[in-house]
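Student: Quick one, structure for this:
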Amino acid sequence: MANSELDPAVRVRFCPSPTGNPHVGLVRTALFNWAFARHHGGTLVFRIEDTDAARDSEDSYNQLLDAMRWLGFDWDEGPEIGGPHAPYRQSQRMEIYADVAARLKAAGHAYDCYCSTEELDARREAARAAGKPSGYDGHCRALTADQVEVYRQEGRQPIVRFKMPDHPLTFDDLVRGPVSFDPKDVPDYGIVRASGAPLYTLVNPVDDALMEITHVLRGEDLLSSTPRQIALYAALAEIGVGNGTTPRFGHLPYVMGEGNKKLSKRDPQASLNLYRERGFLPEGLLNYLALLGWSLSADDDHFSMDQLVAAFDIADVNANPARFDLKKCEAINARHVRELAPEEFVRRLVPYLQAPGLLPAEPTAEQLELLAAVAPLTQERMVVLSEIVPMAGFLFVDPAAFAVDPDDAAKVLTADARPVLEASIEALEALGDFTPEPIQAVLREALVDGLGIKPKFAFTPLRVAVTGRRISPPLFESMELLGRPETLRRLRAALELVPAS
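Tutor: Numbering: from 1, shown residues only. Sure, this is the predicted structure:
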């Protein structure tokens with residue numbers, strides 16, 4: 001990274017709401033903010049937007065922190081770290097928002113709105129019928145004291161609305177270039193509920209101002225709220241909230257799912273937990289998510305996080321929607337799996353063998369040695385780490401619990417397999433050196449030469465008998481790892497599954 005690109009003044013924020021499981025669109029936003037901050041040597045603020053008590057949960061909050069750690073994102077200010085603008089959970093900043101709302105009202109930038117939902121709906125419908133903008137019509141902007149008293153006597157509780165300026169709002173989007181909004185399209189909007197609870201429309205810009213955020217990188221779905229926030233930043237500067245600067249905005253492209261529809265957090269393939277459970281590597285998943293709007297180069301879609309940080313420029317993000325392609329995501333992850341150092345590959349496999357009980361919480365040295373021995377036989381074949389279970393689980397399962405896949409048994413362990421199994425047992429019982437080359441040689445002599453069976457048909461019954469499946473690591477190496485006694489026991493057990501001819 002060129003020194004000229006370092007700018008420690010850069011301050012970006014990642015501010016999710018703790019509602020449900022994290023999704024890949026959220027992760028892509030976090031990734032671009034993290035990469036932008038690290039590229040410039042700036043600051044990443046991790047902020048939790050948890051003002052919606054009905055939807056937010058402590059479990060989701062803990063999942064967010066766990067996801068950030070699993071993904072390898074470090075943050076400079078935020079939960080568990082603190083910082084000069086603490087607290088970083090909005091639910092702990094309510095007094096700040098109440099004070100700012102009162103100051104905005106006192107300065108004439110906001111006002112109480114007593115309109116009922118029914119009145120708003122009726123006026124919007126009338127405006128639409130007349131071919132006019134159907135946003136809020138400013139009804140309560142200049143109420144007299146008598147009008148306010150009438151509403152109060154009726155028991156109405158007002159919300160607080162921000163008063164939008166009557167001139168166009170234009171900004172230079174870091175991704176999309178110049179964007180302009182006409183005032184008729186951006187009416188006054190609510191910032192505080194009738195209950196006194198602050199809305200996202202208030203708390204988000206207030207925290208950005210107080211935390212001195214310089215750049216806001218977020219999803220395209222929030223583009224329409226940007227003129228509101230720009231107007232609010234100006235009002236906040238006027239009343240002395242923050243340092244008086246307005247962040248620069250960059251709106252990231254939509255991520256499209258099946259049917260060319262915007263990927264929703266409700267879509268199964270959007271759940272981050274799905275990728276963790278399947279055994280995607282964080283670096284593999286992040287490599288792919290970075291490609292949803294950005295690329296390192298036209299002919300290279302594979303890179304490390306260090307390479308991403310060194311090259312990342314928000315100006316290179318494409319404004320066009322990006323399509324989520326699970327097959328490509330898997331292919332990129334597979335490449336990252338193959339590049340893991342042997343020791344690291346083994347370390348990452350352990351949890352996926354522990355989950356189904358194939359390894360204990362504290363694996364023995366012998367179990368880890370066995371995993372290290374089978375790892376080279378599986379690493380080149382794997383797309384995700386959970387595949388270690390069907391690929392190599394046969395080595396770790398309790399002998400009493402080992403079972404052949406019923407479908408594979410039905411297809412392979414037919415009457416034709418009986419002479420193959422019988423000849424193999426006889427050949428292996430007499431074999432002195434139980435290592436791959438002698439095993440292969442004696443079995444080829446007994447089955448291919450002795451019985452005249454082609455290798456494909458000779459060895460498939462053995463593979464199913466020994467590993468339980470038609471697809472497995474190399475057969476002869478698998479037999480060596482199992483050892484002669486267990487290999488012979490499984491071959492004899494398979495004979496009992498073969499129907500009588």
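
Student: how about the helices in the stretch 101-250 of the chain?
Tutor: Taking DSSP state H, counting those that start in this stretch as the test, the helices found in the stretch 101-250 of the chain are 117-129, 145-153, 200-210, 226-238.

Student: Of all the ones you listed, which one is nearest Glu277?
Tutor: helix 200-210 (30.9 Å; C-beta to C-beta). (Glycine included, C-beta is placed from N, CA and C.)

Student: what packs against that closest one?
Tutor: When contacts are defined as 3 or more C-beta pairs under 8 Å, 6 or more residues apart in numbering; DSSP states H and E, helix 200-210 packs onto helix 94-106, strand 189-192, helix 226-238.

Student: mind listing what's buried in it?
Tutor: Buried residues in helix 200-210, counted by 16 or more other C-beta atoms under 10 Å: 200-210.

Student: same deal with stretch 7-20?
Tutor: Going by 16+ other C-beta under 10 Å, stretch 7-20 has these buried residues: 10-19.

Student: The buried residues of helix 200-210 into TSV, with extra columns for distance to Ile159?
Tutor: Formatted as TSV, the buried residues of helix 200-210 follow (distance: C-beta to C-beta, whole Å):
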residue	distance to Ile159
Tyr200	14
Thr201	11
Leu202	11
Val203	15
Asn204	17
Pro205	17
Val206	17
Asp207	20
Asp208	22
Ala209	22
Leu210	23
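
Student: that older thread, let me know the closest of the buried residues of stretch 7-20 to Phe249.
Tutor: Val12 (11.2 Å).

Student: Give me the next element, helix or strand, following the longest helix seen in the chain.
Tutor: Longest helix in the chain, counting residues (DSSP state H): helix 24-40. Of the helices and strands lying after helix 24-40 in sequence (DSSP states H and E), the nearest is strand 43-46.

Student: Pull the most distant pair out of the buried residues of stretch 7-20.
Tutor: Maximum pairwise distance in the buried residues of stretch 7-20, criterion C-beta to C-beta, is 28.4 Å, between Val10 and Thr19.

Student: follow-up on the earlier one: restricted to strands, list the buried residues of stretch 7-20.
Tutor: Counting by DSSP state E, these place 11-14 in strands.

Student: Surely Pro390 and Arg469 touch.
Tutor: Yes. Applying C-beta atoms under 8 Å as the test, Pro390 and Arg469 come out as touching, 6.5 Å apart.

Student: Neighbour count: these two, which is higher?
Tutor: Arg469 (18 against 14; other C-beta atoms under 10 Å).

Student: Let me see the confidence value for the more buried one.
Tutor: You'll see Arg469 listed with a pLDDT of 95.

Student: ok, now how distant is it from Tyr233?
Tutor: 61 Å (C-beta to C-beta, to the nearest Å).

Student: now swap in Pro342 and tell me
Tutor: Distance, Pro342 to Tyr233, using C-beta to C-beta: 53 Å.

Student: So between those two, which is more surrounded?
Tutor: Tyr233 (20 against 11).

Student: list the contacts for that one?
Tutor: The contact partners of Tyr233, by C-beta atoms under 8 Å, 6 or more residues apart in numbering, come to 205, 208-209, 242, 245-247.

Student: Can you pick out the most distant pair from those residues?
Tutor: Longest span within the contacts of Tyr233, C-beta to C-beta: Pro205 and Thr245, 12.1 Å.

Student: Please name the nearest non-neighbouring residue to Leu475.
Tutor: Arg463 (5.1 Å; C-beta to C-beta, 6 or more residues apart in numbering).

Student: Quick check: the one you found touching Arg469?
Tutor: Yes. Contact criterion C-beta under 8 Å: Arg463 and Arg469 qualify, at 7.5 Å.

Student: State the number of residues packed around Leu353.
Tutor: Neighbour tally, Leu353, other C-beta under 10 Å: 22.

Student: wouldn't it be in contact with Ile388 here?
Tutor: Yes. Between Leu353 and Ile388 there is a contact under C-beta under 8 Å: 6.2 Å.

Student: Give me the distance between the closest residue to Cys140 other than its chain neighbours and Arg123.
Tutor: The shortest distance from Cys140 to any non-neighbouring residue, by C-beta to C-beta, 6+ apart, is to Cys113 (4.2 Å). Noted for Cys113: a distance of 12 Å to Arg123, by C-beta to C-beta.

Student: Kindly report the same for Tyr114.
Tutor: 13 Å.

Student: Who has more neighbours out of these two?
Tutor: Tyr114 (19 against 15).

Student: For the more buried one, which non-adjacent residue is closest in space?
Tutor: Nearest residue to Tyr114, sequence neighbours excluded (C-beta to C-beta, 6+ apart): Tyr151, at 4.0 Å.

Student: give me the number of residues near the one you found?
Tutor: There are 19 residues near Tyr151, going by other C-beta under 10 Å.

Student: Specify the beta-bridge partners of Val216.
Tutor: Phe249 (DSSP bridges).

Student: I'd say Pro16 and Pro22 touch.
Tutor: Yes. Because the distance of 7.3 Å satisfies C-beta under 8 Å, Pro16 is recorded as touching Pro22.

Student: Find the residues that touch each one of these two.
Tutor: By C-beta under 8 Å, 6+ apart, the residues touching both Pro16 and Pro22 are Leu64.

Student: quick one: contacts for the nearest residue to Leu291 once chain neighbours are set aside?
Tutor: Leaving aside its sequence neighbours, Leu291 sits nearest to Asp301 (C-beta to C-beta, 6+ apart; 5.7 Å). Neighbouring residues of Asp301 by C-beta under 8 Å, 6+ apart: 287, 291, 295, 328, 332.

Student: A strand includes the third one, no?
Tutor: No. Secondary structure of Ser295 (DSSP: H, G, I helix; E, B strand; the rest coil): coil, not part of a strand.

Student: Contact partners for it?
Tutor: 301, 316.

Student: From Asn333, how far off is it?
Tutor: Distance of Ser295 to Asn333, computed by C-beta to C-beta: 17 Å.

Student: where exactly do the strands run in the stretch 251-400 of the chain?
Tutor: 255-256, 322-323 (DSSP state E, counting those that start in this stretch).

Student: Identify whichever of the ones you listed lies nearest to Gly135.
Tutor: Proximity to Gly135 (C-beta to C-beta) singles out strand 255-256 among those, at 28.4 Å.

Student: Other residues contacting the closest one?
Tutor: 24-25, 28, 262-263, 292, 321-324.

Student: same thing with stretch 344-355?
Tutor: 279, 281, 337, 340, 359-361, 363, 368, 371-372, 375, 379, 385-386, 388-389, 393, 396.

Student: cool, and stretch 20-27?
Tutor: For stretch 20-27, the surrounding residues in contact (C-beta under 8 Å, 6+ apart) are 16, 60, 63-64, 67, 71, 219, 255, 263, 265, 269-273, 275, 285-286, 289, 324.

Student: Identify each buried residue in it, please.
Tutor: Applying 16+ other C-beta under 10 Å to stretch 20-27 flags 21-27 as buried.

Student: Make TSV from those and add distance to Asp146 and pLDDT to it.
Tutor: Formatted as TSV, the buried residues of stretch 20-27 follow (distance: C-beta to C-beta, whole Å; pLDDT from 0 to 100):
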residue	distance to Asp146	pLDDT
Asn21	52	84
Pro22	52	90
His23	51	92
Val24	55	94
Gly25	50	92
Leu26	49	94
Val27	54	96
